[in-house]
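# sequence and computational prediction follow.
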Amino acid sequence: MSALLPITLSGGAVQRRGKRLIGPIDLTIDGSGVTAVIGPNGAGKSTLLKALHGLERLSEGTITWNCGRAEALFRQAFVFQTPVMLRRSVLENLAFPLRLNRRPRAEARALAAEWCARIGLAGMEARAAMVLSGGEKQKLALARALITAPELLFLDEPSASLDGRATREIEALLTLATQGGTRIVMATHDMGQARRLAREVVFLRGGEVHEIAPASRFFDAPETEAARAFLAGDIVD
Ligand SMILES: Nc1ncnc2c1ncn2[C@@H]1O[C@H](COP(=O)(O)OP(=O)(O)OP(=O)(O)O)[C@@H](O)[C@H]1O
């Protein structure tokens with residue numbers, strides 16, 4: 001039973017310098033598993049994720065959580081497309097969110113070491129996070145988000161520009177996280193990835209939700225012409 005979900009965006013819109021980037025959007029995130037947010041470049045996927053995360057100021061509409069906003073922010077995590085590393089060791093990067101949550105130092109370091117092994121970085125605990133490869137950094141960023149067992153995780157293009165092996169490792173971590181009860185909302189350009197992981201698909205076009213459906217139905221029988229064209233690889237804007 002989640003304290004955080006459902007999250008409901010009602011008539012939500014985001015505007016920058018007089019231009020509407022997304023909205024109005026009505027969307028509820030509830031239940032379990034992965035929601036894939038897909039759509040053409042510039043459709044507003046990243047902006048929608050940030051709005052649902054509660055950190056993007058809405059120009060119109062409201063967002064509500066099952067708990068208060070401060071508690072909601074505490075119960076969720078966001079992993080950006082370009083992983084942000086602290087200028088610290090691998091182990092310290094992993095221990096950092098636990099220390100923020102006031103977990104005792106020894107306990108935080110022990111759990112961080114466990115996660116280090118889980119993401120295939122055993123033996124690299126003392127290495128500076130900044131010198132890791134792109135795939136290693138992405139795994140570290142994901143592990144640092146998952147180490148606090150968030151109820152909800154937002155991912156913006158979790159494996160863009162990663163090779164097959166790193167992508168497989170990231171997806172395995174995501175599957176384990178959902179099995180552990182973490183709800184995931186993920187923007188992706190990779191339709192194979194959306195098919196592999198998603199329970200639900202939100203297809204964005206021009207800043208609005210054009211189609212929303214269970215993933216199997218969306219991929220087998222999209223209802224709109226634009227979704228059919230997008231899945232066929234046509235240029236859609
Ligand atoms: N800081 C900003 N200021 C002005 N316009 C912005 C800003 N950030 C994004 N945009 C514009 O907002 C729209 C939505 O951008 P967003 O990055 O959310 O789309 P996206 O679907 O994630 O794109 P992509 O698939 O290319 O990552 C685009 O037209 C983009 O050019």
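Okay, I see it.
# close to the ligand: what parts of the chain are there?
Residues of the chain lying near the ligand by CB under 6 Å from any ligand atom: 16, 21, 39, 41, 42, 43, 44, 45, 46, 47, 187. For the C-beta atoms, the positions are set from N, CA and C on the backbone; glycine is no exception.
# wait, which of the residues you listed is closest to residue 86?
residue 46 (22.2 Å; CB to CB).
# for the one helix or strand the closest one maps to, C-alpha coordinates in PDB please.
According to DSSP states H and E, residue 46 maps onto helix 45-53. Provided in PDB are the C-alpha atoms of helix 45-53 (Å, rounded to 0.1, in the frame of the first residue of the first chain):
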ATOM      1  CA  LYS A  45       8.300  13.800 -22.200                       C
ATOM      2  CA  SER A  46      11.000  15.300 -20.000                       C
ATOM      3  CA  THR A  47       8.800  18.200 -19.000                       C
ATOM      4  CA  LEU A  48       5.900  15.900 -18.100                       C
ATOM      5  CA  LEU A  49       8.200  13.800 -15.900                       C
ATOM      6  CA  LYS A  50       9.500  16.900 -14.100                       C
ATOM      7  CA  ALA A  51       5.900  18.200 -13.600                       C
ATOM      8  CA  LEU A  52       4.800  14.800 -12.100                       C
ATOM      9  CA  HIS A  53       7.900  14.900  -9.900                       C
END
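# other SSEs contacting it?
Packed against helix 45-53 by the contact rule (3 or more CB pairs under 8 Å, 6 or more residues apart in numbering; DSSP states H and E) you find strand 7-16, strand 19-29, strand 34-38, strand 76-79, strand 152-156, strand 183-187, strand 200-205.
# and whichever helix or strand comes after that helix, which strands flank it?
Later in the chain than helix 45-53, the nearest helix or strand by DSSP H and E is strand 60-64. Using DSSP bridges, the strands paired with strand 60-64 in its sheet are strand 7-16 (antiparallel).
# so which bits of the partner strand are buried?
Neighbour counts over strand 7-16 (16 or more other CB atoms under 10 Å) mark 7, 8, 9, 12, 13, 14 as buried.
# closest to the ligand out of those?
Distance to the ligand across the buried residues of strand 7-16 (CB to the nearest ligand atom) is lowest for residue 14, with 8.3 Å.
# tell me where the model's unsure across the protein.
Applying pLDDT under 70 to the chain picks out residues 1.
# residue 28: how many residues sit nearby?
Counted with other CB atoms under 10 Å, residues neighbouring residue 28 total 13.
# surely it touches residue 12?
No. Here residue 28 lies out of contact with residue 12, judged by CB atoms under 8 Å, at a distance of 11.3 Å.
# and residue 93, its phi and psi?
The phi/psi pair for residue 93 (degrees, to the nearest 10) reads phi -60, psi -40.
# swap that for residue 159, please
Residue torsions, per degrees, to the nearest 10, at residue 159 are phi -130, psi 30.
# was I right about it contacting residue 170?
Yes. Assessed by CB under 8 Å, residue 159 is found in contact with residue 170 at 5.0 Å.
# the two: which has the busier surroundings?
Between residue 159 and residue 170, counting by other CB under 10 Å, residue 159 is the more crowded of the two (25 against 22).
# which residue is the nearest non-sequential neighbour of the more buried one?
residue 167 (4.1 Å; CB to CB, 6 or more residues apart in numbering).
# report the buried residues of the helix or strand that neighbour falls within.
For residue 167, the element it lies in under DSSP H and E is helix 164-179. By neighbour count on 16+ other CB under 10 Å, the buried set for helix 164-179 is 166, 167, 169, 170, 171, 173, 174, 177, 178.
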